[in-house]
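> I would like to see how this sequence folds:
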Amino acid sequence: MMKKNNETNFGFKNIKKNEKAKKVGEVFNSVAANYDLMNNLMSFGLHKIWKKIVVETMALKPNAKILDIAAGTGDLTLTLSNKKNNYEIYHTDINYLMLKEGKKKLINNGNIVPSIVCDAENLPFPKNYFDCVTIGFGLRNMTQKDKALSEIYRVLNPGGKLIILEFSKVWRPLSRLYDAFSFNIVPKLGKLIANDEASYQYLVESIRVHPDQDELKKIMTNQGFENVSYLNLNAGIVAIHKGYKF
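Below is the predicted model:
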């Protein structure tokens with residue numbers, strides 16, 4: 001189905017752009033309490049390895065200023081805080097309940113960092129401030145990805161980098177098996193564990209309508225990022241995209 005100019009995707013459905021943030025908010029309000037448990041089950045624990053790879057390949061200097069967008073339950077924020085490199089880290093998300101879960105995790109692990117409710121499409125930070133911006137599994141839920149990337153570009157220092165960890169297009173020979181697991185198992189796990197099949201059906205669908213590796217690379221380049229590259233993990237189930245502001 002063709003989208004009109006005032007429409008965007010919500011999973012496989014087309015909805016008006018001004019409705020998406022509310023609908024995505026309802027999804028994450030519903031899944032927040034069981035989000036970490038479901039991540040472990042859906043990825044067989046691999047999400048922790050993916051996030052560790054992101055952090056280990058950042059190559060940041062001590063005292064770097066880092067903005068973690070769509071940080072939710074705080075896995076990336078926590079891993080960065082545990083590096084003990086005197087990073088200035090901001091743990092941010094548009095969803096209060098997800099941010100609250102992340103804040104509890106950070107405090108329980110002895111890490112005190114600012115946690116701020118904010119919209120990636122309208123960041124409340126000055127231009128040329130951050131050395132690195134990270135997004136872990138959040139870009140596909142944003143209504144206007146190009147606007148969010150433009151805002152990220154604005155707040156990055158010259159020489160700063162954007163790192164995106166996101167589900168992507170899996171290697172074709174594995175696609176049938178991957179689809180069978182995603183559409184037949186994940187929503188049922190959501191119903192069993194979180195009593196919410198519909199939210200996990202949306203999350204599975206949102207992966208399929210998200211730009212693939214090359215398309216996202218093109219979108220980042222169009223917003224001014226240079227030396228854009230991506231690294232596929234686990235046959236493209238997820239990819240790490242990197243881009244720089246010069």
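
> in this structure, which spans are strands?
7-10, 13-16, 65-69, 88-93, 115-117, 130-136, 156-167, 226-233, 238-244 (DSSP state E).

> residues making contact with the shortest one?
Put plainly, it is strand 115-117. With contact meaning CB atoms under 8 Å, 6 or more residues apart in numbering, strand 115-117 is reached by 90-96, 99, 102-103, 106, 124. C-beta coordinates here come from the backbone N, C-alpha and C atoms, glycine included.

> Show me the shaky parts of this protein.
Counting by pLDDT under 70, the chain has low-confidence residues at 1-3.

> tell me the angle the longest helix along it makes with strand 88-93.
Longest helix in the chain, counting residues (DSSP state H): helix 17-31. Angle, helix 17-31 to strand 88-93, by axes from the mean of the first three to the mean of the last three CA atoms, to 10 degrees: 100 degrees.

> Report whether the expected contact of residue 25 with residue 97 is present.
No - between residue 25 and residue 97 there is no contact under CB atoms under 8 Å: 9.0 Å.

> between those two, what contacts are shared?
What both residue 25 and residue 97 touch, as defined by CB under 8 Å, 6+ apart, is an empty set.

> just to revisit the earlier point, as PDB, could you dump the C-alpha coordinates of the longest helix of the chain?
Provided in PDB are the C-alpha atoms of helix 17-31 (Å, rounded to 0.1, in the frame of the first residue of the first chain):
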ATOM      1  CA  LYS A  17       2.500  10.800  11.000                       C
ATOM      2  CA  ASN A  18       1.100  12.700  14.000                       C
ATOM      3  CA  GLU A  19      -0.300   9.400  15.400                       C
ATOM      4  CA  LYS A  20       2.900   7.400  15.400                       C
ATOM      5  CA  ALA A  21       4.600   8.800  18.500                       C
ATOM      6  CA  LYS A  22       1.500   8.100  20.600                       C
ATOM      7  CA  LYS A  23       1.100   4.500  19.300                       C
ATOM      8  CA  VAL A  24       4.800   3.700  19.700                       C
ATOM      9  CA  GLY A  25       4.600   5.200  23.200                       C
ATOM     10  CA  GLU A  26       1.700   2.800  24.000                       C
ATOM     11  CA  VAL A  27       3.800  -0.100  22.800                       C
ATOM     12  CA  PHE A  28       6.700   0.700  25.100                       C
ATOM     13  CA  ASN A  29       4.500   1.600  28.000                       C
ATOM     14  CA  SER A  30       3.200  -1.900  27.700                       C
ATOM     15  CA  VAL A  31       6.500  -3.700  27.300                       C
END
